[in-house]
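> Predicted model and sequence follow; I will ask about them next.
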Amino acid sequence: MGKIVGAFAASHSPGVTGWPERAEPRKREAIEGAFAEARRRIDALEPDAIIAISVEHFTNFNFGNLPAFAIATADSYLGPVTPEMSNFLRVEQHQYPGNGKLGRHIYEFAISNEFDPSLVEGGLDFDENFCVPFKHLDPESKYPLVPIIVNGVNPPWPTAKRSYEFGEMLRRAVEAQDAVERVVVVGTGGLSHWVGLPEAGQVNEEFDRDFITRIESGDPEQLKSYSPKEIDAAGNGAHEVRTWIAAAGAIGAPFEVLAYEPVPEWLTGTAVAAATPDLKL
């Protein structure tokens, strides 16, 4: 029987890798140090695969086809999607390994457990959603991924409650198979930020710190109770926190926020968090 042995969450602002030098040195050091600690913990957990949960930036989907949830089942993924994006993000374009068998199992398990995600059998191209955090968390791309998309870019979004329950379903799906034993979940996105709006560059630190308090509490109700209106106060990009909420549902344990910094130069409230209850630190 498989087990989710740890969960992590991180912001994926392009600035983290594309223009890190614009941030105040203290803030940059704090975030990069937190990524390094998260990478150390992932390596210590020795996962057989990583379920990577992020959002779509219209790299693969569009307004005519924007699923609430999508599960990819390929054995490799290209990222960043273009050479231009590779230069923009300062991430070398390459193939990320996938675990298609685990992805297929999760999809079939979801269908039989009252979830109806989209199935992505072909390639799912990566942009900053996965490329930015995994440059720090797995720079050698040694862990096979099961990429999952949660709609956090355009309404109607899945509710916070549904996002948490989706994470709980992932936990049960991993436990219902024996092809892989040890699985880590990584959620990427958020925190507060505005995309393509006059407020771009602002950070809602009050929202960010309240969200941090909730995810550190380990209390599911504090995460499931978010309304779209509450999240809207932190920007249209803040709806990406559904990926963190799904990761919390998958691990069912409190997170430790390794660092949080409001970084307007990166256009977002930036944080890295870890939930590793069985790991001796």
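Now that the structure is in, tell me what you want to look at. Numbers count the residues shown, from 1 in each chain.
> Distance check, the nearest residue to Pro20 once chain neighbours are set aside against Asp232.
Here the nearest residue to Pro20 in space, its sequence neighbours aside, is Arg28; by Cβ to Cβ, 6 or more residues apart in numbering that works out to 5.5 Å. In this view, the C-beta of every residue, glycine as well, is placed from N, C-alpha and C. With distances defined as Cβ to Cβ, to the nearest Å, the gap from Arg28 to Asp232 amounts to 29 Å.
> Which element, helix or strand, includes the residue nearest to Pro20?
Here Arg28 sits within helix 25-45, counting by DSSP states H and E.
> do the same with Ile148
Ile148 belongs to strand 145-150 when elements are defined using DSSP H and E.
> Tell me the gap between that strand and the middle of its chain.
Here strand 145-150 shows a centroid-to-chain-centroid distance of 8 Å under the convention Cα atoms, centre = their mean, to the nearest Å.
> wait, isn't the residue nearest to Pro20 in contact with Thr17?
No - between Arg28 and Thr17 no contact is recorded; they are 11.3 Å apart, counting by Cβ atoms under 8 Å.
> So Ala9, which state does it fall into?
Using DSSP: H, G, I helix; E, B strand; the rest coil, the three-state assignment for Ala9 comes out as strand.
> Show the model's pLDDT score for it.
The per-residue pLDDT reported for Ala9 equals 98.
> For burial, what's the neighbour tally of it?
30 (other Cβ atoms under 10 Å).
> Now do the strands for this protein: every range, in order, please.
In the chain, the segments counted as strands under DSSP state E are 3-10, 49-54, 69-72, 76-79, 94-97, 118-120, 145-150, 182-188, 256-263, 268-275.
> Please spell out which residues along the shortest one are buried.
Buried positions in strand 118-120, judged by neighbour count with 16 or more other Cβ atoms under 10 Å: Leu119, Val120.
> ok, and what's touching it?
Asn60, Pro67, Phe69, Ala70, Ile71, Ala72, Thr73, Ala74, Tyr107, Ile149 (Cβ atoms under 8 Å, 6 or more residues apart in numbering).
> Let's see that with 7 Å instead.
Contact with strand 118-120 is made by Pro67, Ala70, Ile71, Ala72, Thr73, Tyr107, as judged by Cβ atoms under 7 Å, 6 or more residues apart in numbering.
> Report the separation between Asn154 and Ile42.
Asn154 is 31 Å from Ile42, where distance means Cβ to Cβ.
> Also Thr73?
Taken as Cβ to Cβ, the span from Thr73 to Ile42 is 22 Å.
> Repeat that for Val180.
Distance of Val180 to Ile42, computed by Cβ to Cβ: 15 Å.
> That'll do, ta.
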